[in-house]
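Participant: Got a predicted structure here, sequence first:
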Amino acid sequence: MKCIIIDDEASARLIIGQLCNKVKNLEVVEQFPNAIQAMKYLNQFEVDLIFLDIHMPDFNGFDFVQTLKNPPNIILTTSYTKFAIDAFEYDCIVDYLVKPVTAERFQKAVHKAIKSKPKEALTSSSSQSSNDHEPAQLFINIDRRLIKIDMPTIYLIEAKGDYILIKTENKNYTVHSTLKKIKEKLPESLFLKVHRSYIINLKKIVDIADNSVLIKRDLIPVSRTKRPELMRRLNLL
Amino acid sequence: MEKPNLNYIKQLSGSDLLFKNELINLIKEEFSSEKKEYYDNLKNNDLIKTAGNVHKLKHKITIFGLVKSHELAQQYENELREGSSITSVKFSIILDVISNFIEEI
């Protein structure tokens, strides 16, 4: 059984690694000090089990779990006891170990993982949606004229009260509509609502910082709840 | 005041002295930098970051078998997240006890 360890504390990784060495047929293939590095690895390789710390800077364990399309079994390792209930929200989390982890408790958790088949996360991918095959054009009503917009040219849509501002490569349009309505018309493989006021075209991203994304020259805030999905949808190297 | 011990590390290491030494050295290194970062953040009154430091230090506290100190650290971490650092003096005593213990290992 191949596993990885994700924990920002080197001593915690060393301890889990040592505990893994004592379990037959459990191989630690990689260790990561943060979730981002682990996500890049998991884009390329499959593992059977993840030992995951909850409390990590920037991107915590639960954020990470939400980014996984088909998560393997996960055992949480944490100094918190208060998150145990949250862990039950995810089918892929098979156990919850409180640090310092004892050998006996560790083995019990691994046996649970061995018995448990990986399940799909409750937060399944929405990247392939039914409206992916809809036309690549959108008609908007401005001054009683229907204007055609090629959807791939749209890079940003911003909510502005009762209106939305559609920014395209060529021109900007202000339309009487809502983000909810236009979102239903857009291909989900291309667009993502990253904030209650913004939908972005993922192909137009220039760069991403902690809580914002740069689209062309617009710096757009990314809400905390949307960040995991955004990270999952990116083609991380 | 309860005294730190190496029971957990010994249990974990068994006869693997290489691992034991590696872990102790790593903990010494991490504890020292986490403690420094903790005091820096406390001094700057950045209580959320300080709470994060206490969270990490808590792991070291439990590794050294300090059960009551861990309870106090947990309470202190919660307190910091709520914007108070009243328990900082008591927490400093725990850090001093561990520092002294680590020096002697």
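Facilitator: Arrived safely.

Participant: Looking at the residue of chain A most remote from its centre now. What's its pLDDT?
Facilitator: Residue farthest from the centre of chain A, counting by Cα atoms, centre = their mean, is A:R144 at 40.6 Å. Note on A:R144: pLDDT of 74.

Participant: Got the confidence number for B:K35?
Facilitator: 97.

Participant: what do you get for A:E184?
Facilitator: A:E184 carries a pLDDT score of 87 in this model.

Participant: And it, how close does it get to B:I102?
Facilitator: 60 Å (Cβ to Cβ, to the nearest Å). In short, each C-beta sits where N, CA and C put it, glycine included.

Participant: For those two, work out which one has more neighbours and name it.
Facilitator: B:I102 (16 against 11; other Cβ atoms under 10 Å in any protein chain shown).

Participant: Give the burial count for the residue lying closest to the more buried one once chain neighbours are set aside, as a bare number.
Facilitator: Of all residues not flanking B:I102 in the chain, B:K28 sits nearest, at 5.4 Å (Cβ to Cβ, 6 or more residues apart in numbering or on different chains). Around B:K28 there are 16 other residues, counting by other Cβ under 10 Å.

Participant: Can you tell me the SS state at B:K28?
Facilitator: With DSSP: H, G, I helix; E, B strand; the rest coil as the basis, B:K28 sits in helix.

Participant: was I right about it contacting B:E104?
Facilitator: No - counting by Cβ atoms under 8 Å, B:K28 stays clear of B:E104, with 11.2 Å between them.

Participant: Tell me the residues of chain A that contact chain B?
Facilitator: Counting by Cβ under 8 Å from any Cβ of the partner chain, the positions of chain A adjacent to chain B are A:9-12, A:14-15, A:18-19, A:55, A:57, A:79-80, A:99-100, A:102-103.

Participant: Show me where chain B has its strands.
Facilitator: Applying DSSP state E to chain B gives no strands.

Participant: can you list the residues of it near chain A?
Facilitator: B:8, B:11-13, B:16, B:19, B:22-23, B:26-27, B:30, B:52, B:55-56, B:58-60, B:62-63.

Participant: Select only the buried ones of those residues in PyMOL?
Facilitator: PyMOL command restricting the residues of chain B next to chain A to the buried ones, with burial defined by 16 or more other Cβ atoms under 10 Å in any protein chain shown:
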select buried, chain B and resi 8+12+13+19+23+26+27+30+52+55+56+58+59+60+62+63
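
Participant: quick one: the residue nearest to A:Q137 when sequence neighbours are not counted and chain B, what's the gap?
Facilitator: Spatial nearest neighbour of A:Q137, chain neighbours left out: A:K148 (5.3 Å); criterion: Cβ to Cβ, 6+ apart. With distances taken as Cβ to the nearest Cβ, to the nearest Å, A:K148 is found 49 Å from chain B.

Participant: ok, A:K160 - contacts?
Facilitator: Each residue near A:K160 by Cβ atoms under 8 Å, 6 or more residues apart in numbering or on different chains is listed here: A:T174.

Participant: Tell me the helix or strand right after the helix or strand of chain A with the lowest mean pLDDT.
Facilitator: The weakest-scoring helix or strand in chain A, judged by mean pLDDT, DSSP states H and E, is helix A:84-87 (a mean of 72). Counting by DSSP states H and E, the element after helix A:84-87 in chain order, helix or strand, is strand A:93-98.

Participant: Show me what that next one is packed against.
Facilitator: Where contact means 3 or more Cβ pairs under 8 Å, 6 or more residues apart in numbering or on different chains; DSSP states H and E, strand A:93-98 is packed against strand A:73-78, helix A:84-87, helix A:103-115.
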